[in-house]
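Colleague: turn this into a structure:
(chains A and B)
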Amino acid sequence: MIWSKYSAPQAFYPLAGRLIPWFAAVAVLLMVVGLYMGFFVAPTDFQQGESYRIIFVHVPAAWMSMFLYVVMAIWAGVGMGLNARLSFMMAQAIAPTGAMFTFLALLTGAMWGKPTWGAWWVWDARLTSELILLFQYAGVMLLRTSIDDLRRADRSSAVFALVGVVNVPIIYYSVQWWNTLHQGASVSMATGSKMAATMLMAMLIMTIAFWMYSIAVILARVRCVIVERESLPAWDEKPAVIHEAVEAR
Amino acid sequence: MQWGSASEFFAMGGYGLYVWTSFLATALCMVWEVLALWRRRAAARAEQRAALLGGTDETAA
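Modeller: Residues are numbered from 1 along each chain as shown, chains lettered A, B, ... in the order given. Reported below is the predicted structural model:
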């Protein structure tokens, strides 16, 4: 298979369409398994009781918020470097989903903070840097919609996205660098996991589920973007419709 | 399994409000996103079809 062929929106469009149902199906399946494990297999936490179960949406959402930002910035960078339309479209398609997961990470964090710390919100390094990430996503999206010329919009939002990448390691390491109220990492590449095996398993399954969901949704959005930006031809129409259209001319 | 009854499950050891708000909000956001994309796709295709048909159906978008 020649992968470079798929860098053309016309070629990528049907490929994305074929991939979406698979990613969506795996996402739903893993969410069912993850939720079952999270609520019925994972034990009660000895310190936090049942409130800790928020972890099964909070951590996957927070990880996706950071991961998607990096992926968005990479596509933006590739778009700048190779001047590739599809790369900019990918960056454009990722931003809303990334913003949604950032919002969810903050919301579920508040839901966890209130019973655990006694406060919905504190201005500690982890929470503040994650809030800034939400503003960054908003900035990327607003910059795009505020510039009429598509090429300039692509480039401006790409530069904004790339500069903002510095915040991702700040969010990730904030719990080590500063004395935060937010707890340290329960799972780290250096020390492994500090959680019960079934808790960790449920959290990882939910993370993969969110990941698959993101891929499905982003592919669906990039297809919309392709149709919106490259008005012709009608790649997705049945031959009869195209025939009818040609006849009408 | 740690739940003696359904009400015990929904109570979540007294943290029900926080736990269920978190999961419900996440589910609603995801459903909303999928529905919004569905509508966006329908709108984009309607516009595209209108353009293909030579502007006879411009208002459909």
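Colleague: the helices in chain B, which residues?
Modeller: B:6-11, B:16-52 (DSSP state H).
Colleague: nearest to residue A:213, of those helices?
Modeller: Nearest of those to residue A:213, taken as CB to CB: helix B:16-52 at 6.6 Å. Glycine gets a C-beta too; all of them are placed from N, C-alpha and C.
Colleague: pull out the buried positions in the closest one.
Modeller: Neighbour-count burial for helix B:16-52, counted by 16 or more other CB atoms under 10 Å in any protein chain shown, picks out B:16, B:18-23, B:25-26, B:29-30, B:33, B:37, B:40-41, B:44-45, B:47-52.
Colleague: again, but for stretch A:63-73
Modeller: Of the residues in stretch A:63-73, A:63, A:64, A:65, A:66, A:67, A:68, A:69, A:71, A:72, A:73 count as buried by neighbour count, 16+ other CB under 10 Å.
Colleague: closest one to chain B out of these, please.
Modeller: residue A:64 (11.0 Å; CB to the nearest CB).
Colleague: contacting residues for the closest residue to that closest one other than its chain neighbours?
Modeller: Once flanking residues are discounted, residue A:64 sits nearest to residue A:101: 4.3 Å by CB to CB, 6 or more residues apart in numbering or on different chains. With contact set as CB atoms under 8 Å, 6 or more residues apart in numbering or on different chains, residue A:101 has these partners: A:61, A:62, A:64, A:65, A:68, A:210, A:214.
Colleague: contacts only, for residue A:133.
Modeller: Neighbours of residue A:133 in contact, by CB under 8 Å, 6+ apart: A:65, A:66, A:69, A:102, A:164, A:167, A:168, A:171.
Colleague: try residue A:55
Modeller: Counting by CB under 8 Å, 6+ apart, residue A:55 makes contact with A:112, A:186, A:199, A:203.
Colleague: next one: residue A:37
Modeller: Contact partners of residue A:37, counting by CB under 8 Å, 6+ apart, are A:198, A:201, A:202, A:205.
Colleague: so which of those residues comes closest to chain B?
Modeller: Nearest to chain B among the contacts of residue A:37, counting by CB to the nearest CB, is residue A:198 at 11.5 Å.
Colleague: who's in contact with the closest one?
Modeller: So residue A:198 contacts A:37, A:41, A:42, A:43 (CB under 8 Å, 6+ apart).
Colleague: hang on, the earlier thing: nearest to residue A:31, of the contacts of residue A:37?
Modeller: Once CB to CB is applied, the member of these that ends up nearest residue A:31 is residue A:205, at 8.4 Å.
Colleague: am I right that that closest one sits in a helix?
Modeller: Yes. Counting by DSSP: H, G, I helix; E, B strand; the rest coil, residue A:205 falls inside a helix.
Colleague: pretty sure it is touching residue A:34, no?
Modeller: Yes. Counting by CB atoms under 8 Å, residue A:205 touches residue A:34, with 3.8 Å between them.
Colleague: chain A contacts on chain B?
Modeller: B:1-3, B:9, B:12-15, B:18-19, B:21-23, B:25-26, B:29-30, B:33-34, B:37, B:40-41, B:44-45, B:47-49, B:51-54, B:56 (CB under 8 Å from any CB of the partner chain).
Colleague: you'd agree residue A:225 is up against residue A:87?
Modeller: No. Using CB under 8 Å, residue A:225 is not in contact with residue A:87; the gap is 11.8 Å.
Colleague: can you say which of the helices of chain B is nearest to residue A:120?
Modeller: In terms of CB to CB, the element of those nearest to residue A:120 is helix B:16-52, at 10.2 Å.
Colleague: other SSEs contacting that closest one?
Modeller: Counting contacts by 3 or more CB pairs under 8 Å, 6 or more residues apart in numbering or on different chains; DSSP states H and E, helix B:16-52 packs against helix A:55-82, helix A:85-117, helix A:197-229, helix A:239-248.
Colleague: quick one: closest of those helices to residue A:159.
Modeller: When the helices and strands packed on helix B:16-52 are ranked by proximity to residue A:159 (CB to CB), helix A:55-82 comes first, at 7.7 Å.
Colleague: centre of the chain to stretch B:21-35, how far?
Modeller: Its chain's C-alpha centre and that of stretch B:21-35 lie 6 Å apart, by CA atoms, centre = their mean, to the nearest Å.
Colleague: output that stretch as PDB - backbone C-alpha positions only.
Modeller: Extracted in PDB, the C-alpha atoms of stretch B:21-35 (Å, rounded to 0.1, in the frame of the first residue of the first chain):
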ATOM      1  CA  THR B  21     -22.400  13.800  37.600                       C
ATOM      2  CA  SER B  22     -18.900  13.000  36.300                       C
ATOM      3  CA  PHE B  23     -20.000   9.900  34.300                       C
ATOM      4  CA  LEU B  24     -23.200  11.500  33.100                       C
ATOM      5  CA  ALA B  25     -21.500  14.700  31.900                       C
ATOM      6  CA  THR B  26     -18.900  12.700  30.000                       C
ATOM      7  CA  ALA B  27     -21.500  10.600  28.400                       C
ATOM      8  CA  LEU B  28     -23.600  13.600  27.400                       C
ATOM      9  CA  CYS B  29     -20.600  15.400  25.900                       C
ATOM     10  CA  MET B  30     -19.800  12.400  23.800                       C
ATOM     11  CA  VAL B  31     -23.400  11.900  22.600                       C
ATOM     12  CA  TRP B  32     -23.600  15.600  21.900                       C
ATOM     13  CA  GLU B  33     -20.400  15.600  19.900                       C
ATOM     14  CA  VAL B  34     -21.500  12.600  17.800                       C
ATOM     15  CA  LEU B  35     -24.900  14.200  17.100                       C
END
